[in-house]
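1. sequence unknown, structure follows:
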């Protein structure tokens, strides 16, 4: 199986460069294709900034607001495949979002993945998270209607009345066979990608890799980091960045985590080595503690001034 990467980005070119250098450090021969999803007017600057680190660059051509792109990321990937990705040489693409830190060879990370299988982190029936997940619990009329419209699409197009499936689109490996069938279908414009993709994988009879290797946290964003296990904090969908000291500490463990999301602050690829992490970890941890203490003292002082 030829495993390649699709680097999906739209802003913060300096962070994108850091993330790509880390991927390259551990995967020197990997084909990395760029999918720029920012404003079309910024495509030339984005290509100039990242072209040396990419094997191919393609920019989504339509002007859409950020929320549309978030909800309909599957349509952006489908357009990339239709207009560009289908002529490139790969069997499966690992979608690397701009704020994901990859610090291991992909062959090692995805050793359980077989040709033509799709991998979507957190894959499960949507009923399992109906009580906590925003897109399933029906508390918001707009999201409830989107899910109902998607189910109508399934019924009308496939006469499918079975369960809807869900995922957290943090770790995603998409085989060519899935994107071929997805694009040929005419991707549905209703619904949210985190239940569209896993459900259509089932409906389109694409085998799902359900290996429990990646456990993202974030079905219930209101719970915050406190509601996640230590492992889930390294791959979360609620926008909470793990501390850099925690990331480096993983490199002191042979079986430690090597995939992290989100990571938006600079962390140089040379740091991601057990030899360097051994002495960097206590220094960075001490700095984090000092920053936290300073913040707490500042808060206490402001509260003191209010009462006096």
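-> In hand now; what should we look at? Model, not experiment: these values are computed from the prediction.
2. give me phi/psi at residue 3?
-> Backbone geometry at residue 3, expressed as degrees, to the nearest 10, gives phi -100, psi 120.
3. Correct me if wrong: it contacts residue 95.
-> No - in this structure, residue 3 is not within contact of residue 95 by C-beta atoms under 8 Å, at 11.9 Å. For glycine as for every other residue, the C-beta is placed from the backbone atoms N, C-alpha and C.
4. list residues touching both of those two?
-> Common neighbours of residue 3 and residue 95 (criterion: C-beta atoms under 8 Å, 6 or more residues apart in numbering): residue 173.
5. Now residue 59: phi and psi?
-> Main-chain torsions, residue 59, degrees, to the nearest 10: phi -110, psi 130.
6. Could you say which helix or strand holds the residue lying closest to it once chain neighbours are set aside?
-> With sequence-adjacent residues excluded and distances taken as C-beta to C-beta, 6 or more residues apart in numbering, residue 59 is closest to residue 43, at 3.8 Å. According to DSSP states H and E, residue 43 maps onto helix 43-50.
7. Kindly report the same for residue 242.
-> Per DSSP H and E, there is no helix or strand for residue 242.
8. Can you report how many residues neighbour it?
-> The number of residues packed near residue 242 is 20, by other C-beta atoms under 10 Å.
9. Contact partners for it?
-> Neighbouring residues of residue 242 by C-beta under 8 Å, 6+ apart: 233-234, 260, 263.
10. Break down the stretch 151-300 of the chain into its helices, ranges please.
-> Counting by DSSP state H, counting those that start in this stretch, the segments of the stretch 151-300 of the chain that form helices are 176-185, 193-203, 230-234, 244-250, 274-307.
11. which strands and helices sit next to the fourth one?
-> So that's helix 244-250. In terms of contacts (3 or more C-beta pairs under 8 Å, 6 or more residues apart in numbering; DSSP states H and E), helix 244-250 is packed against helix 230-234, helix 274-307.
12. All set now, cheers.
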